[in-house]
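Novice: I would like the atomic coordinates for the input below:
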Amino acid sequence: MRAIKTILHPTDFSPHSLYAFRIAVGLAREEKAQLVVLHVTPISHPDVRHPAPPELEPPAAAEEELKAYRREMEVRLERLRGPIGKLPVEHIIKEGPVGPTILAVADGLPADLIVMGTHGRRGEAKWMLGSVADDVLRKCKCPVLTVKLPA
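Specialist: From the prediction side, this is the model:
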């Protein structure tokens, strides 16, 4: 089994992502790995089937609003550092289509493991909304652990 040196945790700050974050922290501590926490700001793109939750949708207006949005995402990422202690953590914010951007960051690190939350949609809801986790699972070169909130 190959050593886990870098764990990537993509987050949209949903309860599913926050739960997956706790698991990623535990694994990073156990493996003595670096944890990279990534937030992808979705952009309007024809291939984007996975819009951000309304409260996280970046404003389409002025440059100042986009800067304020980015600062808010930086603050949210910084809050995720709190319970980690001395664990090496890096925060990254990228813009682009969510699934492909996660894959590009994973390749660029390179990540040894991705730990991400999933909403666990099935059937028509998944077909209509798509699934970032499913996209990453199918196309990623490294192992992916998807985490669903406990029932």
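
Novice: lowest-pLDDT helix or strand in this structure?
Specialist: Every helix and strand of the chain was ranked by mean pLDDT, DSSP states H and E. The lowest is helix 123-129, at a mean of 44.

Novice: buried stuff in the helix or strand following that one?
Specialist: Note on helix 123-129: by DSSP states H and E, the next helix or strand toward the C-terminus is helix 132-139. Residues 132-133, 135-137 are the ones in helix 132-139 that count as buried (16 or more other C-beta atoms under 10 Å). C-beta here means a position set from N, CA and C on the backbone, and glycine is covered the same way.

Novice: now stretch 80-93
Specialist: Buried, per 16+ other C-beta under 10 Å, within stretch 80-93: 80, 84, 89, 91-92.

Novice: ok, the buried residues of helix 132-139 vs Ala151, which is closest?
Specialist: Ala151 lies nearest to Ala133 out of the buried residues of helix 132-139, by C-beta to C-beta, at 17.7 Å.

Novice: give the contact list for the closest residue to that closest one other than its chain neighbours.
Specialist: Counting by C-beta to C-beta, 6 or more residues apart in numbering, Ala133 lies nearest to Thr118, which is 4.0 Å off, once chain neighbours are set aside. By C-beta atoms under 8 Å, 6 or more residues apart in numbering, the contact list for Thr118 reads 16, 131, 133, 146-148.

Novice: what separates Thr118 from Gly85, distance-wise?
Specialist: 27 Å (C-beta to C-beta, to the nearest Å).

Novice: And Thr146, by the same measure?
Specialist: Distance from Thr146 to Gly85, by C-beta to C-beta: 26 Å.
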